[in-house]
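Asker: Structure, please.
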Amino acid sequence: MSALLTVSGVSKRYPGVLALDRVNLRLQAGEIHALVGENGAGKSSLIKILTGVISPDEGEILLTGKPMRFSTPRESLAAGIAVVHQERNLIPRYSVAENIFLDRLPTRYGVVQRWRMQDEARRWLDVLELDVDPATPVRYLSVAQMQLVEIGRALSLESKVLLLDEPTASISEHEVARLMGVLRRLRDQGTGILFVSHKLEEIINLCDRITVLRDGQNVCDAQPLAGMNKDDIVTLMVGREAAVTELGARAATIGSCRLELTGVATAAGHKNINIKAHAGEIVGLYGLVGAGRTELAKALIGLDRITEGEVRIEGQPVRIHSPLEALRRWRLGYVSEDRKGEGLILSHSVTRNTAITVWHRLRRVGAFIWGSLEKDFIRPLMGRLDVRAPGLDHAVGNLSGGNQQKVAVAKWLAADTRVLIVDEPTVGVDVRTKGYLHQLLWKLADEGTAVLLITSELAEMIQLADRIYVMNGYRIVGEIANSHDYDEMSEALMQIIQNDNDVRTRPVRAREEVEGHHV
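Answerer: Sure, this is the predicted structure:
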C-alpha cells in the first residue's frame, strides 16, 4: 500500500545547527503515527516543513504519491494538511467561531453569516465537549480551552492529513480521553494522523506505528508499536539503555505556613477560596478545564483583582499589585502555563530570559548588567536543565518548544523564591527532562520552598503533591491527602468533582457578571 504522506531524505540546516539530517517518515491513511524524540531532536522542524512554515534544504515530500513543496502554510492547508501547533495561534480579540473559521468565513453577498458560522463552530465544540459560547472572544478562555479550540479548528478543515504537535499538553485526563475518542474515529474514517507527544503512555495507548528522531536523524521509521513499552521508547530516544527515573516516595518536612488564602474572591469569579501551603510542602490544585486554577494563580501575583478575603505570606497580610512586586517584595514566583505569551520574551536571548528575575540583584555590582555576569550566573542552570541552544545569545523564539519551557522554568529557579506557583511545568518537555524537573520540584520543597502545583496531568499531580485541593467552577470543592496510589487517587479526585452538583456558570460568564458587559 502506498503511503498517504511520505518524507524522504529531508534535511534542514541553520547556522551552526543541522536540525534534520536525511529524515524519512511514512504516514498511511487510516493510522495514528507517533513522532517522538527528545527536545531538539528535530520534530518541530519537520512539522514546520510539512506545513510550509520553512523549506527543506534537500529531500522530497510526497502526498498521495505526488511531489509537494510548500512555500506557505496556506499551500500546505490547500493540499489537505491541517495542523495543531504546540504554540497557540489564535487571535485573542476574535471570537471562538471566528478563530475556527478564520480565512474561510461563511458569507452571502459579501456579508459574513455569523449565525451560520456560530452554528458550525458549535458542531465542532460539541464534538470535543467544550462548553463555551462560540461568540466568546478567545481572550476570555483558559489556555486549556484555547488548546481545544485549536483542535476544533483543525478538525473543522476535515483534511486527509492531521498533524498534532503536543495536543494534550494543557488539558486534563478527562479532556484527553474525549480527544482520543475523536482521533480514533477520524482514523477509522481514513484520516492519517501524525501525533507528536512526550506523554509516552498516550503514544502506547493510541498510536499504531512510531518514528523516532534523535539529533535530527531517524532511529526508527514507521516501526509497529505492538509489543513496545515505555522503556523501549525511551531507549530509542536517548540512545542507550535508560529506564525512566522513578522518584519513589518523599517524606515531606512541613514547616510554617508560607501562603494562606482565607475567604478569597476575585474579579475573575472565584468565591470563598481557602488554601494553605507550608514550607517544604507541594500543594496541588486539580480540576478540569475551566475550573479556575490558572486564574487564581494570576490573581495571587497581581494580574487580576482580589475583591474579598485575605492573602497572607509568612503570616503577613499582603496586597500584591504586580508580578514584579510579588517577586521582589514577597519572593513569590509564577511559572506560567503560557510560555509564549507570558513566560518568555521570544525575541530576547536565552541569557536575558533566564536572568530577568535576578537583574535587581546583579545590578548591585554597578549601574549596568554586564553580559558576562549574566552568563556566569545562568550557565549552571542551563547545564542542569540540559537546555539545547546554539549559544546563550541565541533568541529563545528560535528554540524548540521543549527547550523554551526549560528556559521558562530556569528563570524561576534562579530567583530563589519562598513561594513558587508552577502551572503546567512539564508541558512539551521530553521524558528525561520531565523526570529531572520533578526532582527539582522535590528538591525545592526539601529546601523549604512552598510549591503550589497546577497540572492537567493526573499522574504528575499524584506523583508530586503532598496534599491536593480540588477546584470546580472557580470554587474549592474538596481537599484530600495524597496517598500516591494512582488508581485510588484518580477515582477519589473525579468523585469529588462528580459529587459537586452546585456547579457555577462558566468562567466567561463569571467575568461578565463582575465586569458588567456582554461579550
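
Asker: Val264 and Arg418: what is the separation?
Answerer: Distance of Val264 to Arg418, given as CB to CB, to the nearest Å: 19 Å. In short, each C-beta sits where N, CA and C put it, glycine included.

Asker: Farthest from the middle of the chain: give me that residue.
Answerer: Going by CA atoms, centre = their mean, the residue of the chain most distant from its centre is Tyr109, 41.0 Å out.

Asker: related to what we said a few turns ago, out of Val264 and Arg418, which sits in the busier spot?
Answerer: A count of neighbours by other CB atoms under 10 Å puts Val264 above the other of Val264 and Arg418, at 22 against 17.

Asker: Show me the strands in the stretch 401-519 of the chain, by range?
Answerer: Counting by DSSP state E, counting those that start in this stretch, the stretch 401-519 of the chain has strands at residues 419-423, 450-454, 467-472, 475-481.

Asker: out of these, which comes closest to Asn229?
Answerer: strand 450-454 (27.5 Å; CB to CB).

Asker: and the closest one, what does it pack onto?
Answerer: Under the contact definition 3 or more CB pairs under 8 Å, 6 or more residues apart in numbering; DSSP states H and E, strand 450-454 sits against strand 257-266, strand 273-278, strand 282-286, helix 293-300, strand 419-423, helix 431-446.

Asker: between that strand and strand 257-266, what angle do the directions make?
Answerer: 40 degrees (axes from the mean of the first three to the mean of the last three CA atoms, to 10 degrees).

Asker: What ranges does the stretch 351-500 of the chain have for its helices?
Answerer: Secondary structure of the stretch 351-500 of the chain (DSSP state H, counting those that start in this stretch): helices located at 359-362, 371-384, 401-415, 431-446, 458-464, 486-499.

Asker: Please identify the deepest-packed of the ones you listed.
Answerer: Greatest average neighbour count among these goes to helix 401-415 (a mean of 24), per mean count of other CB atoms under 10 Å.

Asker: which ones are touching Ala79?
Answerer: 63, 68, 70 (CB atoms under 8 Å, 6 or more residues apart in numbering).

Asker: any chance of those in a markdown table, plus pLDDT and distance to Asp221?
Answerer: Output for those, formatted as a markdown table (pLDDT from 0 to 100; distance: CB to CB, whole Å):
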| residue | pLDDT | distance to Asp221 |
| --- | --- | --- |
| Leu63 | 93 | 18 |
| Met68 | 92 | 19 |
| Phe70 | 92 | 22 |
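
Asker: Can you pick out the ones from those residues that are in helices?
Answerer: Among the contacts of Ala79, none falls in helices (DSSP state H).

Asker: circling back to that earlier point, what's the closest of the strands of the stretch 401-519 of the chain to Ala299?
Answerer: Closest to Ala299 of these, according to CB to CB: strand 419-423, at 10.9 Å.

Asker: Identify the residues contacting that closest one?
Answerer: For strand 419-423, the external contacting residues (CB under 8 Å, 6+ apart) are 258-259, 277, 293-294, 297, 300-301, 313, 330-337, 409, 412, 441, 444, 449-455.

Asker: Now the buried members of those residues.
Answerer: Buried by 16 or more other CB atoms under 10 Å: 258-259, 277, 293-294, 297, 300-301, 313, 330-337, 409, 412, 441, 444, 449-455, out of those.

Asker: so what's Leu362 scoring on pLDDT?
Answerer: Listed pLDDT for Leu362 reads 60.

Asker: Let me fix that, I meant to ask about Asp430.
Answerer: We have a pLDDT of 78 for Asp430.

Asker: Please apply the same query to Gly263.
Answerer: Checking the pLDDT column for Gly263, the value is 97.

Asker: now it: how far from Ile476?
Answerer: Gly263 is 11 Å from Ile476, by CB to CB.

Asker: okay, the two: which has more neighbours?
Answerer: In terms of neighbours (other CB under 10 Å), Ile476 is the more surrounded of Gly263 and Ile476; the figures are 22 against 11.

Asker: I figured the more buried one hits Lys276, correct?
Answerer: No: between Ile476 and Lys276 there is no contact, the gap being 11.3 Å when judged by CB atoms under 8 Å.

Asker: quick revisit: and the contacts of Ala79, which are buried?
Answerer: Buried among those (16+ other CB under 10 Å): 63, 68, 70.

Asker: Run through the residues that contact the nearest residue to the second one once chain neighbours are set aside.
Answerer: Closest residue to Met68 in three dimensions, ignoring its sequence neighbours and counting by CB to CB, 6 or more residues apart in numbering: Ile61, at 4.8 Å. Contact criterion CB under 8 Å, 6+ apart gives 5-8, 10, 49-50, 67-70 as the residues in contact with Ile61.

Asker: May I have the beta-bridge partners of Ile61?
Answerer: Judged by DSSP bridges, the bridge partners of Ile61 are Val7, Met68.

Asker: Is it correct that Gly239 is in contact with Arg214?
Answerer: Yes: with contact defined as CB under 8 Å, Gly239 reaches Arg214; the gap is 5.9 Å.

Asker: Sketch out the low-pLDDT regions of the stretch 251-400 of the chain for me.
Answerer: Along the stretch 251-400 of the chain, the parts satisfying pLDDT under 70 run over 359-372.

Asker: The same query, at a cut-off of 50, please.
Answerer: Counting by pLDDT under 50, the ranges of the stretch 251-400 of the chain that qualify are 365-368.

Asker: ditto for the stretch 1-150 of the chain
Answerer: Using pLDDT under 50, nothing in the stretch 1-150 of the chain is flagged.

Asker: again, 70 this time
Answerer: Ranges of the stretch 1-150 of the chain meeting pLDDT under 70: 1-2.

Asker: again with the stretch 401-519 of the chain
Answerer: 501-519.

Asker: Am I right that Ser322 is in contact with Gly302?
Answerer: Yes: counting by CB under 8 Å, Gly302 is a contact partner of Ser322 at 4.5 Å.

Asker: From the neighbour counts alone, determine which of those two ranks first.
Answerer: Gly302 (19 against 12).

Asker: which SS class is the more buried one?
Answerer: Here Gly302 is coil, with the state taken from DSSP: H, G, I helix; E, B strand; the rest coil.

Asker: and it, what does it touch?
Answerer: 320-323, 325-326.

Asker: Mind giving me the ChimeraX command for buried ones among the residues you listed?
Answerer: Buried residues among the contacts of Gly302 (16+ other CB under 10 Å), as a ChimeraX selection:
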select :320,323,326
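
Asker: Where strands are concerned, which of the contacts of Gly302 count?
Answerer: Using DSSP state E, no member of the contacts of Gly302 sits in strands.

Asker: Which one of the contacts of Gly302 is nearest to Ser76?
Answerer: Nearest member of those to Ser76, counting by CB to CB, is Pro323, at 37.9 Å.

Asker: Make a markdown table out of the buried ones among the contacts of Ala79 and add distance to Glu87.
Answerer: Shown next, in a markdown table, are the buried ones among the contacts of Ala79 (distance: CB to CB, whole Å):
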| residue | distance to Glu87 |
| --- | --- |
| Leu63 | 25 |
| Met68 | 24 |
| Phe70 | 19 |
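
Asker: quick one: Leu35 and Val212, what's the gap?
Answerer: Relative to Val212, and taking CB to CB, Leu35 is found at 8 Å.

Asker: what about the two, which has more around it?
Answerer: Per other CB under 10 Å, whichever of Leu35 and Val212 has more neighbours is Leu35, with 24 against 21.
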